[in-house]
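Peer 1: here's my sequence, what's the structure:
(2 chains)
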There are 2 protein chains.
Amino acid sequence: MDINAVISTYRAAINRHLESFLTMKEEEAARISPYVRELVANAKEYTLRGGKRLRPIFFIYGYKCLSAVDEEAIIDAAISIELMQSYLLIHDDIMDEDELRRGKPTFHVLYREKCEREFGQLKSARFGENMAIITGDLLESYGEEVLAGADFDARYVRKALCKYLEVVRNVGYGQILDVLSERRGTITADEVLMIHKLKTASYTIEGPLQIGAILAGAEESDLRVMSDYGIPLGIAFQIQDDILGMFGDEHRIGKPVGSDIREGKKTLLILHALEHCGDAERRFIEDKLGKRLTVDEIERVREIVIRTGSLDYSRGMVRANIEKAKEAMKNSDFRAEAKEFLINICDYIARREY
Amino acid sequence: MDINAVISTYRAAINRHLESFLTMKEEEAARISPYVRELVANAKEYTLRGGKRLRPIFFIYGYKCLSAVDEEAIIDAAISIELMQSYLLIHDDIMDEDELRRGKPTFHVLYREKCEREFGQLKSARFGENMAIITGDLLESYGEEVLAGADFDARYVRKALCKYLEVVRNVGYGQILDVLSERRGTITADEVLMIHKLKTASYTIEGPLQIGAILAGAEESDLRVMSDYGIPLGIAFQIQDDILGMFGDEHRIGKPVGSDIREGKKTLLILHALEHCGDAERRFIEDKLGKRLTVDEIERVREIVIRTGSLDYSRGMVRANIEKAKEAMKNSDFRAEAKEFLINICDYIARREY
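Peer 2: Now for the predicted structure:
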């Protein structure tokens, strides 16, 4: 199985379905007002900027674990999770005061700048954030609309929606803990793991798999296997993200190296380093949390992370969780094609460089 | 029929169901973290602060137009629209930078103050808004969760959810126009009516009625009658709101008289006055838009509104729309009890003082 080819093919299909849905929404908005149309067009551009589309791919393969009947309908339904992602990113960007997303202005910055061009400086930041809050709210409802209208049995759709809303809720709960711990400045490894479980594992892998599977009529026992696979894989995904955020290639990961530290986020990688380094090093890292790092400072943090064994520790965590996920999938009785893909994608995630 | 008694009885039942749902969410959140529990408890307090609960009452009576079978289940489902209301208010308060809601701090102010007490002044406004954005998002998903889990046929639930999401979308579209026209400083009467149609009519009366009716198995023709009734009644409701905002009793309406003007909102009442007053008066009103008014200035605006016939014009619009709504309901073949209530509530809305 050429996993890159499979991913590329589905990614292209997902982008086509996303584009066609959002074009339909753009036309709907045009019937109300050219201003609303313009906003929906910007939401479309933002959503289509890029992204690996792993979430809808897991959604599709959740379905394929149990059925192969309706490929087009499941791709159509799978874009719901990408619309959720788009909504979360727009609201996250406001909260983190980020200016760039996938190399272009974040949504609130886009509308702040538009305001400054068209109406002047006065309250332009407020205007930008207001437009971004509404757009996020709209995309949240678009995602649910897609799923509510999906071409599957109404009982399955209803159950899938309940699971989808559970994911939205978990991400919200995780986000509360995240914002709070950043402001408070203290966090324990247990809390970090809880946030990973709520934010990443739930909505990156476990949730999408389960929602897709429910549309194929999954039983509780099927969903449990997907948790046994999806939770460790999600944790591995997040730790790999933390490693890339400190050691990755800025251009490939699409954000500055060290941005977790700038946002005051203590990743497991950094927490482990803080526990195992000397006092002067600890003061240095603690002092840098919430600040922008110079190239030399990033280099110093990297050295500390390597010397304390934190990089090796995190890589070990990635490997152990990947093995756990694979094992759960191997022992399942899902359809062979889906099993093969879901086992292969574990290594893809462990090895990814962006 | 004693309409006040009927409304009070349903309001109490709705508050009970809301409280019990949000207590259940609080317990769910407690299993994650005491911080998340505290936030959900605050969201519960905010939602239960008050409010006329007219939206869930219309939801219930939409159902009762066609069926009387399951009173408890429909009240359970009807709180979904009040959770939507709560989500919209929390996000609106951020956008309008309002400090008070129903006599207490708005949600972002609550968390801004909490931040200042516990973590200090630094970025406390950002923290408050972030918590309020997430809480609004959560309440949006709670509302949909209630409806997705409602104890009705899955096909009806799915259709009801599609309608519910249409309402969320319409309110979002209306909100875009609203924020934009406030910042731009110009708006036409047609645009004001479009915003009323999208924001108020859709989610105050027409939408709730239709969602409730769908849960009783409504046909398209039933939904059309509900539009013929709900749209004019919603417009009457909004114009009455505009009148109360300028001539009402501050304590009863729960916000300062003249707050539309302070927010830079041109209501139909004000637009009509601007079209029919002299140049000096026009300059006076235009100058005051976006500013806080003194008691004397409010008195002057009131005089202009009365002298130009704008108050009479608006009252006439309320009456005409109320008659249109009643007529549509009289001609329907809905259940007699529901018809009687829905005809009576028109006068209740036209006469309300808060």
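
Peer 1: now the element after the lowest-mean-pLDDT helix or strand in chain A, going C-ward?
Peer 2: Every helix and strand of chain A was ranked by mean pLDDT, DSSP states H and E. The lowest is helix A:250-253, at a mean of 73. For helix A:250-253, the following helix or strand on the C-terminal side (DSSP states H and E) is helix A:259-262.

Peer 1: how distant is that following helix from the center of its chain?
Peer 2: Distance of helix A:259-262 from the chain centroid (CA atoms, centre = their mean, to the nearest Å) equals 17 Å.

Peer 1: can you list contacts of it?
Peer 2: By CB atoms under 8 Å, 6 or more residues apart in numbering or on different chains, the surrounding residues in contact with helix A:259-262 are A:242, A:245-246, A:256, A:267, A:270, A:285, A:288-293, A:301. All C-beta spots, glycine's among them, are computed from the backbone N, C-alpha and C.

Peer 1: any idea of the mean pLDDT in that helix?
Peer 2: Average pLDDT, helix A:259-262: 79.

Peer 1: tell me the buried residues in it?
Peer 2: A:Ser259, A:Asp260, A:Ile261, A:Arg262 (16 or more other CB atoms under 10 Å in any protein chain shown).

Peer 1: tell me the one of the contacts of helix A:259-262 nearest chain B?
Peer 2: Checking the contacts of helix A:259-262 against chain B by CB to the nearest CB gives A:Gly290 as the nearest, at 9.7 Å.

Peer 1: what is the neighbour count of the closest residue to that closest one other than its chain neighbours?
Peer 2: In this structure, A:Gly290 finds its nearest non-sequential neighbour in A:Gly264, 4.0 Å apart by CB to CB, 6 or more residues apart in numbering or on different chains. By other CB atoms under 10 Å in any protein chain shown, 17 other residues sit near A:Gly264.

Peer 1: and the stretch 151-300 of chain A, which residues reach chain B?
Peer 2: By CB under 8 Å from any CB of the partner chain, the residues of the stretch 151-300 of chain A that approach chain B are A:154-155, A:157-158, A:161-162, A:165-166, A:168-169, A:172-173, A:175-177, A:179-180, A:183-184, A:191, A:194, A:198.

Peer 1: how does it look with 10 Å?
Peer 2: By the rule CB under 10 Å from any CB of the partner chain, the part of the stretch 151-300 of chain A lying against chain B is A:153-185, A:191, A:194-195, A:197-198, A:290.

Peer 1: which ChimeraX command selects the buried ones in those residues?
Peer 2: The ChimeraX selection below is limited to those of these classed as buried (16+ other CB under 10 Å):
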select /A:154,156,157,158,159,160,161,163,164,165,166,167,168,169,170,171,172,173,174,175,176,177,178,179,180,181,182,183,191,194,195,197,198
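
Peer 1: which of the residues of the stretch 151-300 of chain A next to chain B fall within helices?
Peer 2: With helices taken from DSSP state H, the overlap with those comprises A:154-184, A:191, A:194-195.

Peer 1: which strands or helices does the least confident helix or strand of chain A pack on?
Peer 2: For helix A:250-253, the helices and strands in contact under the criterion 3 or more CB pairs under 10 Å, 6 or more residues apart in numbering or on different chains; DSSP states H and E are helix A:220-247.

Peer 1: I'd like the average pLDDT over the helix it packs on.
Peer 2: On average, helix A:220-247 scores 93.

Peer 1: pLDDT weak spots in the stretch 251-354 of chain A?
Peer 2: Where the stretch 251-354 of chain A drops to pLDDT under 70, the residues are A:254, A:354.

Peer 1: how about a cut-off of 90?
Peer 2: Across the stretch 251-354 of chain A, residues meeting the criterion (pLDDT under 90) sit at A:251-268, A:271, A:286-295, A:297-298, A:350-354.

Peer 1: what segments of it are helices?
Peer 2: Listed in chain order, the helices found in the stretch 251-354 of chain A under DSSP state H, counting those that start in this stretch are A:259-262, A:268-276, A:279-288, A:295-307, A:310-330, A:336-351.

Peer 1: nearest to A:Leu22 among the ones you listed would be which one?
Peer 2: For A:Leu22, the closest of the helices of the stretch 251-354 of chain A is helix A:336-351, at 26.5 Å, according to CB to CB.

Peer 1: if you count neighbours, what's buried in the closest one?
Peer 2: A:Ala338, A:Lys339, A:Phe341, A:Leu342, A:Ile343, A:Asn344, A:Ile345, A:Cys346, A:Ile349, A:Ala350.

Peer 1: could these go into a markdown table alongside distance to B:Arg31?
Peer 2: Below are those laid out as a markdown table (distance: CB to CB, whole Å):
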| residue | distance to B:Arg31 |
| --- | --- |
| A:Ala338 | 32 |
| A:Lys339 | 32 |
| A:Phe341 | 34 |
| A:Leu342 | 29 |
| A:Ile343 | 32 |
| A:Asn344 | 35 |
| A:Ile345 | 31 |
| A:Cys346 | 29 |
| A:Ile349 | 29 |
| A:Ala350 | 31 |
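
Peer 1: farthest pair in those residues?
Peer 2: By the measure CB to CB, A:Ala338 and A:Ala350 form the most distant pair in these, at 19.4 Å.

Peer 1: briefly note if the helix or strand hosting A:Ile90 comes near chain B.
Peer 2: Using DSSP H and E, the element containing A:Ile90 is helix A:71-96. Yes. Helix A:71-96 reaches chain B (CB under 10 Å from any CB) through A:Tyr87, A:Leu88, A:His91, A:Asp92, A:Ile94, A:Met95, A:Asp96.

Peer 1: what residues of that helix count as buried?
Peer 2: Buried residues in helix A:71-96, counted by 16+ other CB under 10 Å: A:74-96.

Peer 1: now the terminal residues of stretch A:269-288, how far apart.
Peer 2: In stretch A:269-288, first residue to last residue: 15 Å (CA to CA, to the nearest Å).

Peer 1: how far is the helix or strand A:His108 falls within from where the chain is centred?
Peer 2: Here A:His108, judged by DSSP H and E, is contained in helix A:107-118. Centroid separation for helix A:107-118 versus its chain: 25 Å, with CA atoms, centre = their mean.

Peer 1: same question, stretch A:266-279
Peer 2: 25 Å.

Peer 1: and if you look at stretch A:186-198?
Peer 2: That offset, for stretch A:186-198, works out to 17 Å (CA atoms, centre = their mean).

Peer 1: likewise stretch A:193-210?
Peer 2: The answer for stretch A:193-210 is 9 Å, by CA atoms, centre = their mean.

Peer 1: now that stretch: buried residues?
Peer 2: For stretch A:193-210, a neighbour-count test (16+ other CB under 10 Å) marks A:194-210 as buried.

Peer 1: likewise stretch A:135-149?
Peer 2: Those would be A:135-149, for stretch A:135-149 by 16+ other CB under 10 Å.

Peer 1: for that stretch, what is the average pLDDT?
Peer 2: Averaging pLDDT along stretch A:135-149 gives 96.

Peer 1: and the closest residue to A:Lys266 other than its chain neighbours, how close does it get to A:Leu274?
Peer 2: Of all residues beyond its chain neighbours, the one nearest A:Lys266 is A:Ile187 (5.1 Å), with distances taken as CB to CB, 6+ apart. From A:Ile187 over to A:Leu274 the distance is 10 Å, taken as CB to CB, to the nearest Å.
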